[in-house]
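*Asks:* generate coordinates for the sequence data below:
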Amino acid sequence: MDIIMEMREKIIDYLVRNRVSTTEVADALGKKGVLPNVMPVNRGHYKAGKIKWIYAYEESNWPIHEQVQDIEEGCVVFVEAFDCKDRAVFGELVSKYILLYHQSRAIITNGKMRDAAGLIKENWPIWCDGLTPVGCFNRKPEKDFDEIIRTEHMEKYDGAIAVCDDCGVVIIPKDCITKEFLKKLHHMEEQEDIWFDRLDHYKESTFEIVCKKSYLNDEIYMSRRNFE
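*Replies:* Numbering: from 1, shown residues only. Got it, this is the predicted structure:
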């Protein structure tokens with residue numbers, strides 16, 4: 001296992017064991033990383049994992065059917081839709097194939113999904129841009145997918161880390177899969193613990209906690225915390 005793979009596994013393990021929220025991850029990324037307008041179909045799921053990036057384009061889901069044949073287990077499958085004109089990228093059948101037969105952790109897409117009743121009944125971990133009964137066509141696109149876009153987006157997303165919860169989806173870029181970023185996650189978790197502790201047990205105002213960070217001047221308190 002190379003250094004990047006090992007560090008990715010360490011970060012994913014920390015995220016899952018501590019159920020680090022998308023809010024905290026976005027904060028650790030400098031208030032960035034969110035996948036716009038993507039929300040859960042079913043509430044209460046928390047998933048984090050390595051992204052397997054695939055794509056749909058020209059209102060066709062043919063490329064999806066073709067690409068999902070070879071996905072490895074344990075990934076978060078990110079389906080990016082290009083020029084699909086608000087058509088659903090797929091529905092219950094493909095979701096079952098990805099989540100059950102390929103044992104993927106979750107599905108995320110910036111496109112729409114269909115078969116809402118089935119997706120909700122099965123309570124599958126799926127995040128998308130909305131729901132619609134109108135799907136893409138299962139025909140082969142007339143043109144090949146733009147190779148520049150494919151290369152750029154494959155490099156950007158494939159192998160990155162997705163964190164998914166009720167707030168949406170945040171993506172940790174590959175250049176942030178480092179010891180330094182893992183330390184930031186530890187820092188965010190400890191800071192959250194301190195903030196709620198100061199609110200619940202010390203009855204400080206949120207202005208004192210968040211803006212002034214008065215707790216940093218409490219030497220006895222801070223000596224008991226693993227916080228820098």
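
*Asks:* hey, which helix or strand in this structure has the poorest pLDDT?
*Replies:* Within the chain, confidence by mean pLDDT, DSSP states H and E is lowest for helix 219-223 among all helices and strands, at a mean of 89.

*Asks:* what's in contact with it?
*Replies:* Judged by C-beta atoms under 8 Å, 6 or more residues apart in numbering, the contacts made with helix 219-223 from elsewhere in the structure are 215-216. Yep, even glycine has a C-beta here, placed from its N, CA and C like the rest.

*Asks:* do the same with stretch 198-211
*Replies:* Outside stretch 198-211, the residues that reach it (C-beta under 8 Å, 6+ apart) are 195, 214-215.

*Asks:* centre of the chain to it, how far?
*Replies:* Taking the mean of its C-alpha atoms, stretch 198-211 sits 30 Å from the chain's own mean (C-alpha atoms, centre = their mean, to the nearest Å).

*Asks:* what about it, how long is it end to end?
*Replies:* By C-alpha to C-alpha, to the nearest Å, the extent of stretch 198-211 from end to end equals 13 Å.

*Asks:* for it, buried residues please.
*Replies:* Neighbour-count burial for stretch 198-211, with 16 or more other C-beta atoms under 10 Å as criterion, is recorded at 198, 204, 209.

*Asks:* closest one to Ala106 out of those residues, please.
*Replies:* Ile209 (33.3 Å; C-beta to C-beta).

*Asks:* phi, psi of the closest one?
*Replies:* When read as degrees, to the nearest 10, the backbone of Ile209 gives phi -80, psi -50.

*Asks:* still on that earlier bit, closest one of the buried residues of stretch 198-211 to Lys156?
*Replies:* Checking the buried residues of stretch 198-211 against Lys156 with C-beta to C-beta, the nearest one is Ile209 at 36.1 Å.

*Asks:* helix or strand next in line after the strand or helix carrying Gly118, which one?
*Replies:* When secondary structure is defined by DSSP states H and E, Gly118 falls within helix 116-122. Downstream of helix 116-122, the next assigned helix or strand under DSSP H and E is strand 126-128.

*Asks:* parallel or antiparallel, which strands does that following strand pair with?
*Replies:* For strand 126-128, the pairing partners within the sheet under DSSP bridges are strand 39-40 (antiparallel), strand 106-109 (parallel).

*Asks:* need the three-state assignment for the closest residue to Met154 other than its chain neighbours.
*Replies:* Nearest non-adjacent residue to Met154, counting by C-beta to C-beta, 6 or more residues apart in numbering: Trp53, 5.9 Å away. For Trp53, the reduced secondary structure class is strand; criterion used: DSSP: H, G, I helix; E, B strand; the rest coil.

*Asks:* got the contact list for Trp53?
*Replies:* Applying C-beta under 8 Å, 6+ apart to Trp53 gives the contacts 78, 80, 153-154, 157-158.

*Asks:* of those residues, grab the buried ones for ChimeraX.
*Replies:* Of these, the buried ones can be selected in ChimeraX as follows, counting by 16+ other C-beta under 10 Å:
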select :78,80,153,157
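
*Asks:* on that earlier part again, check which residues of the least confident helix or strand of the chain are buried.
*Replies:* By neighbour count with 16+ other C-beta under 10 Å, helix 219-223 contains the buried residues Tyr221.
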